[in-house]
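J.: Quick check, what structure comes out for this input:
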Amino acid sequence: RALLVGINYVGTGGELSGCHNDVINIKKYIMEVHGFEEDNIVVLMDDGENAEPTGSNIMRELERLAEESESGDSVFFHYSGHGASIRDDNGDEKDGMDEALCPIDYATNGLLRDDTIYTSFIAAMQEGVRAICLMDCCHSGSIMDLPYTYRPGSGDNVFVQNPRFKFGKFLRIFGAAVREVFK
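T.: Next up, the predicted model:
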C-alpha cells in the first residue's frame, strides 16, 4: 500500500510547480520497479482530479496505512509540498521546534505536526511492517521523529542516529497504548 501526496498550492502566494509531477513519477516508479498495484495506491493532489490533500485526508490515509498493514508488509508514503518548523507545543523537542507538513487547508485547519504523524502513523504500525517515507519539503529531516535517519551519499550510505530523538516520547506513547489494551 502507498500514499502519495502532492501539493502545488495553486493560486496562493506559496505556489509550487513540481509537486504533482513528483507524485506522478513516484507512482510510476513504485509500480514499475517495486510492483505496487494501482489499486493499493492512494493519491492526494490539489489538481481537481484526485482527492484533496487536506490535513484530515492525509491523516486518515496515514492511519489507514498503519491499521491495514501487517507484519511483513511494506508501505510507502511520499509527500511533496511545503514543510515548516514551528514552536514546540508540548516540550518534547530539544531545539524547541516541531517540524510540520503543510496540507492544502493549513491556513484554516492547521499544520500536521511531527508528534501527530509519529503517534498516528509510525507508533501505530504493527511490528514487522516496513515503512518507506520520502519527504520532499523543507524541515523534513525529522518529520517522523525517528531514532535513526538514512543519509545517502555520505560515503557509507548508513543510518545515522538522530541526536534529537527522545525515547521518553516513544515510551509515553507505548505506555499509553499498553494501558489502553489492559483497561
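J.: From residue 105, how far out is the closest residue to residue 63 other than its chain neighbours?
T.: Closest residue to residue 63 apart from its sequence neighbours, by CB to CB, 6 or more residues apart in numbering: residue 120 at 5.3 Å. (Each C-beta comes from the backbone N, C-alpha and C, glycine too.) Residue 120 sits 17 Å away from residue 105, taking CB to CB, to the nearest Å as the criterion.
J.: Mind pulling up the pLDDT for the residue nearest to residue 63?
T.: On the pLDDT scale, residue 120 is placed at 91.
J.: do the same with residue 180
T.: For residue 180, the predicted pLDDT is 56.
J.: ditto for residue 147
T.: On the pLDDT scale, residue 147 gets 67.
J.: in the chain, which ranges drop under the pLDDT threshold?
T.: Residue ranges of the chain with pLDDT under 70: 91-96, 140-142, 145-183.
J.: Just the strands from this structure, written as ranges.
T.: 2-6, 41-45, 74-80, 83-87, 97-101, 112-113, 130-136, 148-151, 158-161 (DSSP state E).
J.: Now the ones you listed in TSV, please, with extra columns for distance to residue 54 and mean neighbour count.
T.: Converted to TSV, the strands of the chain look like this (distance: least, CB to CB, whole Å; neighbours: other CB atoms under 10 Å):
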stretch	distance to residue 54	mean neighbour count
strand 2-6	10	25
strand 41-45	8	21
strand 74-80	13	22
strand 83-87	16	15
strand 97-101	11	23
strand 112-113	10	22
strand 130-136	18	16
strand 148-151	28	12
strand 158-161	33	10
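J.: Specify the stretch among those strands that is closest to residue 18.
T.: Within those, the stretch nearest residue 18 is strand 74-80; the backing value is 7.4 Å (CB to CB).
J.: quick one: strands adjacent to that closest one?
T.: strand 2-6 (parallel), strand 130-136 (parallel) (DSSP bridges).
J.: returning to what we had before: can I get the strands of the chain in JSON lines with distance to residue 16?
T.: Listed next are the strands of the chain as JSON lines, based on distance: least, CB to CB, whole Å:
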{"stretch": "strand 2-6", "distance to residue 16": "9"}
{"stretch": "strand 41-45", "distance to residue 16": "12"}
{"stretch": "strand 74-80", "distance to residue 16": "8"}
{"stretch": "strand 83-87", "distance to residue 16": "11"}
{"stretch": "strand 97-101", "distance to residue 16": "13"}
{"stretch": "strand 112-113", "distance to residue 16": "17"}
{"stretch": "strand 130-136", "distance to residue 16": "10"}
{"stretch": "strand 148-151", "distance to residue 16": "24"}
{"stretch": "strand 158-161", "distance to residue 16": "28"}
